[in-house]
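Visitor: Predicted structure and sequence below. I'll ask about it afterward.
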Amino acid sequence: MNPAIRDGQILRVRPVSAASLKPGSIVLYRIHGRLNAHRLIHNPTRAHRIFAVADAALEGGDWVAADDILGVAESVIRNGREVPLDTRRVRWAGLLRYTTRPLRRWARAVLKRPAS
């Protein structure tokens, strides 16, 4: 979940129902026996699942059953300070990062292309 959450940082998570989740929130969930914290992108109101994606991911994501959602990340402890993660600004910044995935994929392909 870099840049929002880096390895070794501590998350403060609060339990929440899947119906009350907001797009852009970082959710903690269990999938395939592992715990993941990824950004919620889509929460269809009639379905009992959400779509979550890692911030650094250029492709893919996970469809997660509502029963597997453990909570939403409120904050992260970074350099001894508590940094909020569940604010409107942070959620919108995460969604903006998601919408720029095609541009980031293109930039990665261009930068990795050998020089002529």
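Guide: Right, received. Where do you want to start?
Visitor: Do I have it right that residue 30 meets residue 66?
Guide: No: using C-beta atoms under 8 Å, residue 30 is not in contact with residue 66, being 11.9 Å away. The C-beta positions use only the backbone N, C-alpha and C, and glycine is treated the same way.
Visitor: Now do the SS call for residue 110.
Guide: helix (DSSP: H, G, I helix; E, B strand; the rest coil).
Visitor: which ones are touching the residue sitting nearest the centre point of the chain?
Guide: The geometric centre of the chain, computed from its C-alpha atoms, lies nearest to residue 39 (C-alpha atoms, centre = their mean), at 1.8 Å. Listed by C-beta atoms under 8 Å, 6 or more residues apart in numbering, the contact partners of residue 39 are 1, 4, 24-27, 52-55, 94-95, 98.
Visitor: Recalculate using a threshold of 6 Å.
Guide: The contact partners of residue 39, taken as C-beta atoms under 6 Å, 6 or more residues apart in numbering, are 26, 53, 55, 94.
Visitor: For the second one, which non-adjacent residue is closest in space?
Guide: Counting by C-beta to C-beta, 6 or more residues apart in numbering, the nearest residue to residue 53 once its immediate chain neighbours are dropped is residue 61, at 3.8 Å.
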